[in-house]
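sequence below, structure please.
(one chain, ligands or ions: 1)
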Amino acid sequence: MDRHELSALAHADHPIASPVSEGTVGRLLERAVRRPDAHLLDLGCGSGTWLLRALEAHPGATAEGVDISDAGFGRTRAAAADLGIADRLELSRQDVTEFRSGRKADVVLSVGSAYAFGEVLPALDAARRHLADDGVVLFGDCFWEAEPSAALRAELEDGPQKYADLATTIAAITDHGWTPVYGHVSTLEEWDEYEWCWTGSLARWALDNPDHPDHEQALRASNAHREGWLNGYRGVLGFVVLLLRRTD
Ligand SMILES: C[S@@+](CC[C@H](N)C(=O)[O-])C[C@H]1O[C@@H](n2cnc3c(N)ncnc32)[C@H](O)[C@@H]1O
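Residues are numbered from 1 along each chain as shown. Okay, here's the model as predicted:
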């Protein structure tokens, strides 16, 4: 199976692909959605669960999600149909760097997806292009909660994106013309729940499907992920979600 199919299995128990609880998601969305007919756009929406939660809570809202993988869309579309809100949710498989829309959004989400644009500031620039004048951005990304070892830094900063401590991360965003009007830093409990769900649902699938040709791959991936987490970034990598408005 490819990494998107593997990720969809790993997110069976925790469809939000970020270390935030359902309570946190609800609270952040409550602050972000400020008008009954709000339109939301999620750049790198994963399964689209943030949007599903927003539409459940706001019967007049509409939402569009874009992701390079549609591996999680089926489950979310089925949930939206069950809830009678499928007509307000559009999920598209597309590279966000190529995504263009004729419609401005009142809320643009980019949670855990900044790396699609290389790093934080280009991701925020992209969000801004889609944002209504008085809109808000719900932006989530990692930061270093504690100083990482050189090996861990090399492992997690192997792409264009580099992390900083929380204060430095937020200073870069404010210097770029954004003001946080709310925020949430993931707790260790939220991280642990996320990682146990990730590794656990994948391991459970592998053990439940011993005859599947991919079961060994899934079990190896679960074990490697758990070891990387427990021996590496647990308590060192942080995650923050900011509700941002333009300063100007
Ligand atoms: C950590 S997940 C976060 C998903 C979602 N925002 C959430 O919090 O549940 C990052 C997502 O970004 C998507 N992604 C990465 N690069 C992308 C690209 N170039 N275009 C669209 N989506 C991309 C991945 O497929 C993945 O679903």
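
quick one: furthest residue from the center of the protein?
The centre of the chain is farthest from one residue, residue 211, which by CA atoms, centre = their mean lies 32.3 Å away.

that one and residue 12, how far apart?
19 Å (CB to CB, to the nearest Å). Heads up, the C-betas are built off the backbone N, CA and C, glycines and all.

which helix or strand contains the closest residue to the ligand within the chain?
The minimum distance from the chain to the ligand, using CB to the nearest ligand atom, falls at residue 46 (2.8 Å). Assigned by DSSP states H and E, residue 46 belongs to neither a helix nor a strand.

for the nearest residue to it once chain neighbours are set aside, give me its contacts.
Spatial nearest neighbour of residue 46, chain neighbours left out: residue 17 (4.2 Å); criterion: CB to CB, 6 or more residues apart in numbering. Contacts for residue 17 were tallied using CB atoms under 8 Å, 6 or more residues apart in numbering; they are 7, 11, 46, 47, 49, 112.

next, count neighbours for the residue of the chain closest to the ligand.
26 (other CB atoms under 10 Å).

that one contacts residue 8, correct?
No. Between residue 46 and residue 8 there is no contact under CB atoms under 8 Å: 9.0 Å.

pretty sure residue 111 is touching residue 241, no?
Yes. Assessed by CB under 8 Å, residue 111 is found in contact with residue 241 at 6.2 Å.

between these two, what contacts are shared?
Shared contacts of residue 111 and residue 241, defined by CB under 8 Å, 6+ apart, are found at 18, 20, 138, 139, 140.

looking at these, spot the one nearest residue 127.
residue 139 (7.0 Å; CB to CB).

residue 59 belongs to a helix?
No. Assignment of residue 59 by DSSP: H, G, I helix; E, B strand; the rest coil gives coil, placing it outside any helix.

for residue 137, see how far away residue 114 is.
11 Å.

continuing past the top helix by length along the chain, what's the next helix or strand?
Counting by DSSP state H, the longest helix found in the chain is helix 188-208. Downstream of helix 188-208, the first helix or strand assigned by DSSP H and E is helix 215-228.

and that next one, how far out from the chain middle?
In this view, helix 215-228 has its centroid 21 Å away from the chain centroid, taken as CA atoms, centre = their mean, to the nearest Å.

averaged pLDDT, whichever helix or strand comes after it. What do you get?
Scanning forward in sequence from helix 215-228 by DSSP H and E, the next helix or strand is strand 237-246. On average, the pLDDT along strand 237-246 is 98.

which other helices and strands does strand 237-246 contact?
On a contact count with 3 or more CB pairs under 8 Å, 6 or more residues apart in numbering; DSSP states H and E, strand 237-246 meets helix 22-32, strand 131-144, helix 166-175, strand 178-185.

of these, which stretch is the most buried?
strand 131-144 (a mean of 20; mean count of other CB atoms under 10 Å).

strands paired with that one, and their directions?
strand 105-111 (parallel), strand 237-246 (antiparallel) (DSSP bridges).

do the last one and the ligand meet at all?
Spelled out, it's strand 237-246. No. On the criterion CB under 6 Å from any ligand atom, strand 237-246 is out of touch with the ligand, staying 9.0 Å away.
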